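> Can you look at this prediction? I've put the sequence above it.
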Amino acid sequence: MRSRLSIFSSRLIRSGLLATLIAVVAAEWQFGRVLPGHYFRHEVDEILYQLDHRRYDDRILSLGNSVGRQMDIAIKRLDRKMLRPMSSNAAIEMTGQYFLLRRYLERNPAPEALILWVDDPFQGNLRLVYTQNYIQRCFLRWREIGQIAWWKGSPTFTAEMIAYRWLPSFRFRSDIQKDVPFLGVSEIGLAPQVAFGNQSGAVSSRSAFSRWWQRRVLGDRSISSVAFERLVELCQTRGIELYLIPAPIAESVAESRGPMQGRAEINERLAALQRRFSVLHFMPESRVYPDDEFRDGTHFKDSYLSARARDYHTLLKEWMADDSDGI
């Protein structure tokens, strides 16, 4: 008499379900090999692909927000040997910046210095409407998924990341739909270029379990605070001097922020970290420029980029030269 398992297996084969499952797995495996190098939805996709397929040996690495990306590219044009530009967007928060640095160090020698263009490294809990596109579908190594799962405490958030990892067709669905005329296109919202930590836009809600878990694991700290401390600690361990630069701002923005540009508490927390980690250096205030130099109140107009790149090129050279070790 045939066993129940044998009967079930026979029925499974006859039904074609097994063949379908094998075909789906094979298709997703092939998608996973081809699609990441074919579709780049934004700068984070491009940077991650480069980190997986190229090697670097630069003395200075630069990470940060979209104004930092403007400055990186402009400084690179001015001085090709100055730095390796890998700034992206503030929507990835400090969690993404930490993962980018860790990925860089996996395949490349540690740079002598890291420039970090960040306004407030302590703000952010991966709750932006842009988090799905810039975090959940990008940082998909198991270690990254596990780290975020531990910090965030959201089974739903984690399950979405696993789905993106296991199903490349789901991850790149909107790109595939654009290339296949008879499929409807469903967009995943892309963030506008974001420079500051207080990004506008609706945020996702947190479940009671997630709130309880984060209090238990993180205390009163944000996820960004924990990720930033990990980043600073990694720099200390690898002997990387870290230079934190708040994004340059327009005069009207500086006035609206009030005394010390509203950075008193941020600077206190940075100073406390600096006492623990000697590699940390930070500018206490943003540089301020006339409103008419900015195209949207945040990002520089193209006509001013060269001049501002020269400003920051000089600043960085002098700042790094003042350190005892030198760069």
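Sure, I can see it.
> where does residue 47 fall, helix, sheet strand or coil?
helix (DSSP: H, G, I helix; E, B strand; the rest coil).
> Excluding sequence neighbours, find me the nearest residue to it.
Leaving aside its sequence neighbours, residue 47 sits nearest to residue 86 (Cβ to Cβ, 6 or more residues apart in numbering; 5.3 Å). The C-beta positions use only the backbone N, C-alpha and C, and glycine is treated the same way.
> same deal with residue 105?
Excluding the flanking residues, the one nearest residue 105 by Cβ to Cβ, 6+ apart is residue 238, at 6.6 Å.
> okay, the one you found: pLDDT?
We have a pLDDT of 98 for residue 238.
> Kindly report the same for the one 5 residues further on.
In the predicted model, residue 243 carries a pLDDT score of 98.
> and the gap between it and residue 123?
Residue 243 sits 19 Å away from residue 123, going by Cβ to Cβ, to the nearest Å.
> likewise residue 313?
Using Cβ to Cβ, residue 313 is found at 28 Å from residue 123.
> How far away from the center of its chain is the longest helix anywhere in the chain?
In the chain, with assignment by DSSP state H, the single longest helix is helix 302-322. Relative to its chain's centre, helix 302-322 lies at 24 Å (Cα atoms, centre = their mean, to the nearest Å).
> And it, what does it pack against?
Applying 3 or more Cβ pairs under 8 Å, 6 or more residues apart in numbering; DSSP states H and E, we find helix 302-322 packed against helix 66-78, strand 241-245.
> which residues of the stretch 51-200 of the chain fall in strands?
Secondary structure of the stretch 51-200 of the chain (DSSP state E, counting those that start in this stretch): strands located at 60-64, 84-85, 113-117.
> which intervals of the stretch 101-250 of the chain have sub-threshold pLDDT?
Applying pLDDT under 70 to the stretch 101-250 of the chain flags the ranges 168-205.
> All the helices of it, residue numbers only.
Using DSSP state H, counting those that start in this stretch, the helices of the stretch 101-250 of the chain run over 131, 142-152, 155-166, 168-171, 173-179, 208-218, 223-238.
> Can you name every helix or strand that the third one contacts?
If I follow you right, that is helix 155-166. helix 142-152, helix 168-171.
> residues contacting the residue lying closest to residue 58 once chain neighbours are set aside?
Once flanking residues are discounted, residue 58 sits nearest to residue 84: 3.7 Å by Cβ to Cβ, 6+ apart. With contact taken as Cβ atoms under 8 Å, 6 or more residues apart in numbering, residue 84 is in contact with 56, 58, 60-62, 111.
> ok, now how distant is residue 50 from residue 313?
For residue 50, the distance to residue 313 (Cβ to Cβ) stands at 23 Å.
> of these two, who's got more company?
Using other Cβ atoms under 10 Å as the criterion, residue 50 and residue 313 rank with residue 313 on top: 17 against 14.
> Would you confirm that the more buried one contacts residue 77?
No - applying Cβ atoms under 8 Å, one finds residue 313 not in contact with residue 77, separated by 10.4 Å.
> Tell me, how many residues neighbour residue 260?
12.
> Kindly report the same for residue 143.
10.
> Please spell out which residues along stretch 262-276 are buried.
Neighbour counts over stretch 262-276 (16 or more other Cβ atoms under 10 Å) mark 263, 266-267, 270, 273-274 as buried.
> Residue 118 against residue 66, yeah?
No - in this structure, residue 118 is not within contact of residue 66 by Cβ under 8 Å, at 11.4 Å.
> So these two - more neighbours on which side?
In terms of neighbours (other Cβ under 10 Å), residue 118 is the more surrounded of residue 118 and residue 66; the figures are 28 against 23.
> quick one, what contacts that one?
Residue 118 is in contact with 64-65, 68, 90, 94, 97, 197, 244-247, counting by Cβ under 8 Å, 6+ apart.
> residues bridging contact with residue 118 and residue 66, i.e. touching both?
Both residue 118 and residue 66 are contacted by residue 90, under the criterion Cβ under 8 Å, 6+ apart.
> and stretch 292-306, what's its mean pLDDT?
96.
> Now do that stretch: everything it contacts.
Identification of contacts with stretch 292-306 by Cβ under 8 Å, 6+ apart yields 66-67, 70, 74, 77-78, 193, 195-196, 247-250, 252-253, 289, 291, 308.
> cutoff 10 Å now
Contacts to stretch 292-306, defined as Cβ atoms under 10 Å, 6 or more residues apart in numbering, come from residues 65-67, 69-71, 73-75, 77-78, 192-196, 247-253, 289-291, 307-309.
> Likewise for stretch 257-264?
For stretch 257-264, the surrounding residues in contact (Cβ under 10 Å, 6+ apart) are 119-120, 246, 249, 253-256, 266-267, 270, 282-286, 288.
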